[in-house]
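# got a predicted structure here, sequence first:
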Amino acid sequence: MNIETADGFRTRVAKHAALADPARLRIVDLLTLGDLSPTELQAELAMPSNLLSHHLRALEEAGLATRHRSEADRRRSYIRLAAGALEGLVPGAEHGARRVLFVCTRNSARSQLAAALWQRVSEIPSTSAGTHPADRIARGAVEVARRHGVDLADLPPRRLEQVAGEGDFVVTVCDNAHEELTGLGGVHWSVPDPLRLGTEDAFEKAFDDIAHRINDLAPRVLAA
């Protein structure tokens, strides 16, 4: 057994050991859908904060989860599934949806990209909206979509209240929208705002993050 194979084996052992605990397995199930703050996880699991902290440390040490600060409320952090965390482990379908609705604040980049990417991998319709929509789609979003052969619909950003409908499966893709819409349901993806930097690299990273998450989520959502 060479060093690389031994390291890979130990990594798999650590992941399986972490997932052997029912609470940690449930946390990972939730994270396969979207990002959650420790407070949200605590409410979902009805678990004391000290016990939740113990489980989150175990998941982070096993390479299953990571955390970062909210761009909206810097006192808040979000837990997300680590890249490649579930290689070889496939979660089952969990949600039925008439339509998938992606929401961010301005509806000018992340939510527009997510809706367009979703249409490439799922027969379930998708759309997007914003809590405080901009006047137009960001140029950086249009350019990164074009580089990847994705067509952004020629639609102006739209307000959430004008778009949301019964049976929508809502995915917030920015921290501000998620924290503003507490109690809306659905799932949250804590995708950094590429407009903060406005660089080609920032838009590429946001595109890759969203594309990865959509490929993971699509098999888990069934048409309602």
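Arrived safely.
# with adjacent residues omitted, what lies nearest to residue 116?
Spatial nearest neighbour of residue 116, excluding adjacent residues (Cβ to Cβ, 6 or more residues apart in numbering): residue 150 at 5.1 Å. Where you see a C-beta, it was placed from the backbone N, CA and C, and this is true even at glycine.
# quick one: contacts for the one you found?
If a contact means Cβ atoms under 8 Å, 6 or more residues apart in numbering, then residue 150 has 113, 116-117, 120 as its contacts.
# and what of residue 184?
170, 172.
# on the three-state scheme, it is what?
coil (DSSP: H, G, I helix; E, B strand; the rest coil).
# just the ones of the contacts of residue 150 in helices?
Using DSSP state H, the subset of those located in helices is 113, 116-117, 120.
# give me the buried positions along the lowest-mean-pLDDT helix or strand in the chain.
Lowest mean confidence among the helices and strands of the chain (mean pLDDT, DSSP states H and E): helix 3-19, at a mean of 76. Neighbour-count burial for helix 3-19 flags 15, 18-19 (criterion: 16 or more other Cβ atoms under 10 Å).
# ditto for stretch 202-211
For stretch 202-211, by 16+ other Cβ under 10 Å, it's 202-207, 209-211.
# just the ones of the residues you listed in helices?
202-207, 209-211.
# picking that back up, any chance of the ones in helices among the contacts of residue 150 in TSV, with neighbour count and pLDDT too?
TSV is the format used below for the ones in helices among the contacts of residue 150 (neighbours: other Cβ atoms under 10 Å; pLDDT from 0 to 100):
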residue	neighbour count	pLDDT
113	32	98
116	21	97
117	23	97
120	15	95
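# for the residues you listed, which one is nearest residue 131?
When the ones in helices among the contacts of residue 150 are compared for distance to residue 131 (Cβ to Cβ), residue 113 wins out at 17.0 Å.
# that closest one and residue 144 touch, don't they?
Yes - assessed by Cβ atoms under 8 Å, residue 113 is found in contact with residue 144 at 7.3 Å.
# okay, which residue is most central for this protein?
Taking Cα atoms, centre = their mean, the centroid of the chain lies closest to residue 189, which sits 2.6 Å from it.
# about what we covered before: turn the buried residues of helix 3-19 into CSV, columns for distance to residue 33.
What follows is the buried residues of helix 3-19, written out as CSV (distance: Cβ to Cβ, whole Å):
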residue, distance to residue 33
15, 19
18, 19
19, 16
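# mind listing the helices for the chain?
3-19, 22-31, 38-45, 49-61, 110-121, 139-147, 160-163, 175-180, 200-217.
# give the buried residues for the second one.
Buried residues in helix 22-31, defined by neighbour count with 16+ other Cβ under 10 Å: 24, 27-28, 30-31.
# in JSON lines: the residues you listed, plus distance to residue 109.
Converted to JSON lines, those look like this (distance: Cβ to Cβ, whole Å):
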{"residue": "24", "distance to residue 109": "34"}
{"residue": "27", "distance to residue 109": "29"}
{"residue": "28", "distance to residue 109": "29"}
{"residue": "30", "distance to residue 109": "26"}
{"residue": "31", "distance to residue 109": "24"}
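# return the closest of those with respect to residue 44.
The nearest one, if we look at the buried residues of helix 22-31 relative to residue 44 and count by Cβ to Cβ, is residue 30, at 6.5 Å.
# OK, contacts around that closest one?
36, 41, 44.
# do the same with residue 141
Taking Cβ under 8 Å, 6+ apart as the criterion, residue 141 is in contact with 108-110, 112-113, 152, 194, 203.
# now residue 158: how far from residue 98?
18 Å (Cβ to Cβ, to the nearest Å).
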